[in-house]
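A.B. asks: Predicted coordinates and the sequence they were generated for:
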Amino acid sequence: MKSHHQRAIEFLAREAQVPVDEVAQLYEDARTKLEVGARIKGFLGIVAIRNVRTTLRRRNGFRRFPAPRAEAAGRTPS
């Protein structure tokens, strides 16, 4: 079974049209940087994913990725 973070990495790779291996490396780098000096490590993966998304957006000329669908995030549209 794939972890939540592995699925997020694959989603970001598709979203940014970047190889999964490249996104996985960005994720590992971001998580490693966050772990240094972190007292609470439970949310590091979530923050790392957010940082990778920001990196990919900047790298792609601030191109906006498609907005995630509310249904896919488990929310109903307002």
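C.D. replies: Structure's in. What do you need? Numbers count the residues shown, from 1 in each chain.
A.B. asks: show me what contacts the residue nearest the centre of the chain?
C.D. replies: Centroid-nearest residue in the chain, with Cα atoms, centre = their mean: Ile49, separated by 2.8 Å. Ile49 makes contacts with His5, Ala8, Ile9, Leu12, Tyr27, as judged by Cβ atoms under 8 Å, 6 or more residues apart in numbering. Yep, even glycine has a C-beta here, placed from its N, CA and C like the rest.
A.B. asks: Filter the residues you listed down to just the ones in helices.
C.D. replies: His5, Ala8, Ile9, Leu12, Tyr27 (DSSP state H).
A.B. asks: residues near Arg58, how many?
C.D. replies: Residues lying near Arg58 (other Cβ atoms under 10 Å) number 10.
A.B. asks: Let me know the helix or strand that it is in.
C.D. replies: helix 44-59 (DSSP states H and E).
A.B. asks: roughly how far is that helix from the heart of the chain?
C.D. replies: Relative to its chain's centre, helix 44-59 lies at 5 Å (Cα atoms, centre = their mean, to the nearest Å).
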